[in-house]
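Participant: Output the structure for:
(chains A and B)
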Amino acid sequence: MTVYKWSQTPASNDTADSTINWREGMAPSQVNDSSRSMMAAIAKLRDDISGNIVTGGSSTAYTITTNQVFTALSSGTFIVARVHTTSGTAPTLNVDSTGAKAIASVYGTAIPDGALVGGGIYAFTYNATDTKWICHGRQGDTYVPGGTDVAIADGGTGASTAAAARTNLGVTATGADTTYAFRANNLSDLANAATAFSNIKQAASTAATGVVQLADATAMEARTAGRGVTADIQYRDPTHPKAWLCFNGGGTIAIRSDYGFASITDNGGNGDYGATMDTAMSSADYATTFGGYVPGAGSIALVGGSSTTTPTTTNIQLKTFGYNSGAANDLTYITVIVCGDH
Amino acid sequence: MATIDPIRARILCSRPDKGVSIIVPSVRCVAVLETGWCAKRNRPYVPEERRAFEVEKLMHSPEWRRDASDEARFDLAERWIYGLCHGGFAADDAVRLIGEYSKHPDHFALEVVDVDDLPTNRTYREAWRRSHNGGPIWIDWDAVTRIEERLAWQVYEARA
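Facilitator: Residues are numbered from 1 along each chain as shown, chains lettered A, B, ... in the order given. This is a model prediction of the structure:
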């Protein structure tokens, strides 16, 4: 009792279905039987396409028992079922023990792993020519591999491969950077940021912003033009003071403030001091500037390098004098600045 | 001093003329030797890449610690520049290291003292004396007499 036995030719339906008798001259008592049997056949069809039947078997070999109970399959046989488990590789479907047939996409190709999701309802139409169950209603069926390429003017790429699409869209990748995504406007997804930056950078000038090469110690000492100077390197300029010192040479001598000096030395006599730099100069031929005074003393003090001691790369000797007396004299403010090559 | 306060620390040195020199360590330099960090530059005081170069410069400074052997000079130069690069010295050690680094080649018997251990009157600074082996400062009264005599002559000549 299945509608698939019915014919589109009325005369052929006399005895097409053994449970339905619509022969010419049939007994009146069989009319109600035939009508109820037709209703039953339609109900079976309804339930076989409602999604209520559930598959059995395994993820690669599904089975279904229909209400119509097919004994043979023909093209167009249609059922809708809920799959009990997600499909595996190259799954088959065996309906009412008519034999396992491959499940194919609407294009006749094998469906990928996991195409049928456990719990999902899918429709199957039998194709007798290919002896496959064609599954439709599956995600991804809108893609047409090998179909007609959609033109750029219609929102497509006009190509059927990724490489041809890049070419058509004017974003051709070259060299090693064939994995460019070309989708971010900040270039963060480019394969090689250094190459990308190198391609787009603009050199700076006094008239334009751009990239400036930073100076290193050698560039600072050579005063190389066009280099950027950072805070940690600016003191390497040959004109930059390398050390400075302010100390109290009277009473209990003490360093007031300094940069680049390790210590001062009270040499014993009045106004007789030494100062030692913490970093040696590259030679003893550097320049020193001295200053000194006694606040409130009403006189200008003189400071100078010691006449008896030659400066070394680390040490400076100095003497201080009262301007009026000309005699060696302790000063309460003595300053030293050193310029030269570190 | 049990614990050295870098601000109050002074380093006494005996001189061949029996006088006394007093080294005053830079507190800033002590901080550098403790931390290896220079707040004013916000970076290591001497970059590691210049460490060997700075040691070489010291070794090629003929006057610097010419009293010491080459091995001792090299060891001191290494410790000094390492401190400027990376710090790591306690304040006590940093002060002593500054003394070793700064002392005149002819001076000897270094000793770290508190500033209060020094005489406060510098009038007779030239008369300060110290034992050849170190120890506290004392006043040479014969030298004081000579200083007084010299000062008296200066006053007399100024009137003339």
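
Participant: And for the residue nearest to B:Pro136 when sequence neighbours are not counted, the neighbour number?
Facilitator: Sequence neighbours aside, B:Asp117 is the residue nearest to B:Pro136 in space, at 6.8 Å (criterion: Cβ to Cβ, 6 or more residues apart in numbering or on different chains). The C-beta positions use only the backbone N, C-alpha and C, and glycine is treated the same way. Each residue near B:Asp117 was counted by other Cβ atoms under 10 Å in any protein chain shown, and the total is 14.

Participant: what about chain B, any weak spots by pLDDT?
Facilitator: By pLDDT under 70, the weakly predicted segments of chain B are B:1-2, B:38-43.

Participant: Other residues contacting whichever helix in chain B runs longest?
Facilitator: Within chain B, and with DSSP state H defining each element, the longest helix by residue count is helix B:141-159. Contacts of helix B:141-159 from elsewhere in the structure, counted by Cβ atoms under 8 Å, 6 or more residues apart in numbering or on different chains, are A:Ser325, A:Ala327, B:Thr123, B:Tyr124, B:Glu126, B:Ala127, B:Arg129.

Participant: related to what we said a few turns ago, how much space between the residue nearest to B:Pro136 and B:Val95?
Facilitator: Taking Cβ to Cβ, to the nearest Å as the criterion, B:Asp117 is separated from B:Val95 by 14 Å.

Participant: again with A:Ala40
Facilitator: When distance is defined by Cβ to Cβ, A:Ala40 is 110 Å away from B:Val95.

Participant: Between these two, point out the one with more neighbours.
Facilitator: In this view A:Ala40 and B:Val95 are compared by other Cβ under 10 Å, and B:Val95 has more residues nearby, 25 against 14.

Participant: Could you verify that the more buried one is part of a strand?
Facilitator: No. B:Val95 sits outside any strand when classified using DSSP: H, G, I helix; E, B strand; the rest coil, being helix.

Participant: can you give me the strands for chain B?
Facilitator: With DSSP state E applied, chain B shows strands at B:9-14, B:20-25, B:37-38, B:43-44, B:108-114, B:128-131, B:134-139, listed in chain order.

Participant: Sorry, slip of the keys, the one I care about is the stretch 201-342 of chain A.
Facilitator: Taking DSSP state E, counting those that start in this stretch as the criterion, the stretch 201-342 of chain A carries its strands at A:241-248, A:254-259, A:261-266, A:272-277, A:287-293, A:301-305, A:315-322, A:333-339.

Participant: which one of those is the most hemmed in?
Facilitator: Of all those, strand A:261-266 carries the top mean neighbour count, a mean of 27, counting by mean count of other Cβ atoms under 10 Å in any protein chain shown.

Participant: partners of that one in the sheet?
Facilitator: In the sheet containing strand A:261-266, the strands it pairs with under DSSP bridges are strand A:272-277 (antiparallel), strand B:20-25 (antiparallel).

Participant: And the ones you listed: which comes nearest A:Thr239?
Facilitator: Smallest distance to A:Thr239 across these (Cβ to Cβ): 17.9 Å, for strand A:272-277.

Participant: what sits up against the lengthiest helix in chain A?
Facilitator: Using DSSP H to assign secondary structure, the helix with the most residues in chain A is helix A:31-48. Defining contact as Cβ under 8 Å, 6+ apart, one finds that helix A:31-48 is touched by A:1-3, A:6, A:17, A:19-22, A:26, A:53, A:66-68, A:79-80.

Participant: Now do the buried residues in it.
Facilitator: Residues of helix A:31-48 classed as buried under the neighbour-count rule (16 or more other Cβ atoms under 10 Å in any protein chain shown) are A:Ser34, A:Ser37, A:Met38, A:Ala41, A:Lys44, A:Leu45, A:Asp48.

Participant: How far off centre is stretch B:64-80?
Facilitator: 16 Å (Cα atoms, centre = their mean, to the nearest Å).

Participant: buried stuff in that stretch?
Facilitator: Taking 16+ other Cβ under 10 Å as the neighbour-count basis, stretch B:64-80 is seen to contain the buried residues B:Trp64, B:Arg65, B:Arg73, B:Leu76, B:Ala77, B:Arg79, B:Trp80.

Participant: What separation do you get for the most centrally placed residue in chain B and B:Val112?
Facilitator: For chain B, the residue sitting closest to the mean C-alpha position, by Cα atoms, centre = their mean, is B:Ile23 at 3.0 Å. For B:Ile23, the distance to B:Val112 equals 9 Å [Cβ to Cβ].

Participant: Likewise for A:Asp17?
Facilitator: 119 Å.

Participant: now swap in B:Asn121 and tell me
Facilitator: In this structure, B:Asn121 and B:Val112 are separated by 22 Å, where distance is defined by Cβ to Cβ.

Participant: Name the residue in those two with the higher neighbour count.
Facilitator: With other Cβ under 10 Å as the criterion, B:Asn121 and B:Val112 differ in neighbour count, and B:Val112 comes out ahead with 18 against 8.

Participant: what's the neighbour count on A:Ser283?
Facilitator: 13.

Participant: which residues does it contact?
Facilitator: Taking Cβ under 8 Å, 6+ apart as the definition of contact, the neighbours of A:Ser283 are A:Thr313, A:Gly340, A:Asp341.

Participant: Just the buried residues of these.
Facilitator: If we count by 16+ other Cβ under 10 Å, those have these buried: A:Thr313, A:Gly340.

Participant: Now distance to chain B and pLDDT too, for the contacts of A:Ser283, in a markdown table please.
Facilitator: Converted to a markdown table, the contacts of A:Ser283 look like this (distance: Cβ to the nearest Cβ, whole Å; pLDDT from 0 to 100):
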| residue | distance to chain B | pLDDT |
| --- | --- | --- |
| A:Thr313 | 4 | 92 |
| A:Gly340 | 12 | 91 |
| A:Asp341 | 10 | 87 |
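
Participant: Which one of the contacts of A:Ser283 is nearest to A:Ala153?
Facilitator: The nearest member of the contacts of A:Ser283 to A:Ala153, counting by Cβ to Cβ, is A:Asp341 at 70.0 Å.

Participant: Skipping adjacent residues, who's closest to the closest one in space?
Facilitator: Take A:Asp341 and drop its neighbours on the chain: the residue closest to it by Cβ to Cβ, 6+ apart is A:Ser282, 4.5 Å away.

Participant: Where does pLDDT dip in the stretch 151-300 of chain A?
Facilitator: Applying pLDDT under 70 to the stretch 151-300 of chain A picks out residues A:172-191, A:295-300.

Participant: burial measure for B:Leu97, as a count.
Facilitator: There are 20 residues near B:Leu97, going by other Cβ under 10 Å.

Participant: and if you look at the one 5 residues further on?
Facilitator: By the measure other Cβ under 10 Å, the count of residues near B:Ser102 is 31.
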